[in-house]
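Colleague: The following block contains a protein sequence and its predicted model.
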Amino acid sequence: MSKGPAIHFPFDPAEFAGKRALVTGGTKGMGEAIVRRLAAGGATVATTARSPLPERQAVKLFVQADISTRAGVDGVVREVVDRFGGVDILVNNVGGSSAPSGGVLALSDDDWQDTINANLLAAVRLDRAFLPGMLKQGSGVIIHISSIQRRLPLFEATLAYAAAKAALTTYSKGLSKEVGPKGLRVNTVAPGYIETTAATRLVTRLAENAGTTEDVARRSLMASLGGIPIGRPGRPEEVAELVAFLVSDRAASIHGSEYVIDGGTVPAV
């Protein structure tokens, strides 16, 4: 499978100067790429993760917390408000699934609840915490990282995830209608198959369950999505560049929209 050429995007190192950003799940994959991109553009960036901050990574503020829980969200909010006073950019990136494969009957109530907590309620709770400050200043941008699985659900392994992301997208649209007239912008980014650490874990799990190789499992996953016309999964830095555009003043009139970044996977217009 072709990986394609390395990509280097030009950027303005002062584009986000003076902006305070929180990116959840910012130590791996898309989250890490988004953190790096916003920091490179001059933003003061905070991030969160359940595991400790990797030694090679440096951010202005890191809060170790499980934001799929209310207590975890509350801890992040306290730290960010204490250090930054609030945020101008909120990227709700945390998500994923650890539910077992095997279809709908393999999913317990706990599997459903854990997936909804991570993929929907974490964003809802963080938005609710930071919205008052954004509304008071009359500006701010919120990005929700959804998934094309909200339109192309995979019943075998990630049905609960797909359902939670569908709910996140609907919530995002509703929120945009409420806060748009008050100076805030809300948009959704829906990645397809992005070659992240989480995606690699999913491929490994699928390979183990099917008794096959990871390459075969990866190709099978691509095929289950209907194929990827560009011939490869996306890259975290490509998602980060889209997010950077959407939170910038260059996208000042883009609001209440969903941007799909999937290499052409979704077959419909």
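Modeller: Ah, there it is. Remember, predicted model here, so these are calculated numbers, not experimental data.

Colleague: just checking, residue 63 touches residue 45?
Modeller: No. With contact defined as C-beta atoms under 8 Å, residue 63 does not reach residue 45; the gap is 12.0 Å. Glycine gets a C-beta too; all of them are placed from N, C-alpha and C.

Colleague: ok now the helix or strand hosting residue 190, how far from the chain's centre?
Modeller: When secondary structure is defined by DSSP states H and E, residue 190 falls within strand 184-191. Centroid displacement of strand 184-191 relative to its chain, using C-alpha atoms, centre = their mean, to the nearest Å, is 10 Å.

Colleague: CA-only coordinates of that strand, as CSV, when you get a sec.
Modeller: Taking Å, rounded to 0.1, in the frame of the first residue of the first chain, the C-alpha atoms of strand 184-191 are listed here in CSV:
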residue,chain,number,x,y,z
LEU,A,184,-19.1,31.7,18.3
ARG,A,185,-18.4,29.2,15.5
VAL,A,186,-18.9,25.4,15.7
ASN,A,187,-17.9,22.9,13.1
THR,A,188,-17.4,19.2,12.8
VAL,A,189,-14.5,17.3,11.1
ALA,A,190,-15.3,13.8,10.0
PRO,A,191,-12.2,11.8,9.3
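
Colleague: List the pairing partners of that strand within its sheet, with orientation.
Modeller: Using DSSP bridges, the strands paired with strand 184-191 are strand 140-145 (parallel), strand 258-261 (parallel).

Colleague: What residues of stretch 145-162 count as buried?
Modeller: Burial within stretch 145-162, assessed by neighbour count using 16 or more other C-beta atoms under 10 Å, is assigned to 145-154, 156-162.

Colleague: what's the answer for stretch 167-182, then?
Modeller: By neighbour count, with 16+ other C-beta under 10 Å as the criterion, the buried positions of stretch 167-182 are 167-169, 171-173, 175-176, 179.

Colleague: Could I get those in TSV, plus columns for secondary structure?
Modeller: Supplementary listing: the buried residues of stretch 167-182 in TSV, determined by DSSP: H, G, I helix; E, B strand; the rest coil:
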residue	secondary structure
167	helix
168	helix
169	helix
171	helix
172	helix
173	helix
175	helix
176	helix
179	helix
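
Colleague: just to revisit the earlier point, which of the strands paired with strand 184-191 sits most buried?
Modeller: Compared across those, strand 140-145 shows the largest average neighbour count, a mean of 26 (mean count of other C-beta atoms under 10 Å).

Colleague: Pull the residues that contact it.
Modeller: With contacts defined as C-beta atoms under 8 Å, 6 or more residues apart in numbering, strand 140-145 is touched by 30, 87-93, 95, 123, 127, 130-131, 133-134, 168-169, 171-172, 175, 183-189, 191, 239, 243, 246-247.

Colleague: follow-up on the earlier one: just the buried residues of stretch 145-162: which are in helices?
Modeller: When DSSP state H defines the helices, the subset of these inside them is 159-162.

Colleague: Pull out the buried residues from the contacts of strand 140-145.
Modeller: Under a neighbour-count criterion of 16+ other C-beta under 10 Å, the subset of those counted as buried comprises 30, 87-93, 95, 123, 127, 130-131, 133-134, 168-169, 171-172, 175, 184-189, 191, 239, 243, 246-247.
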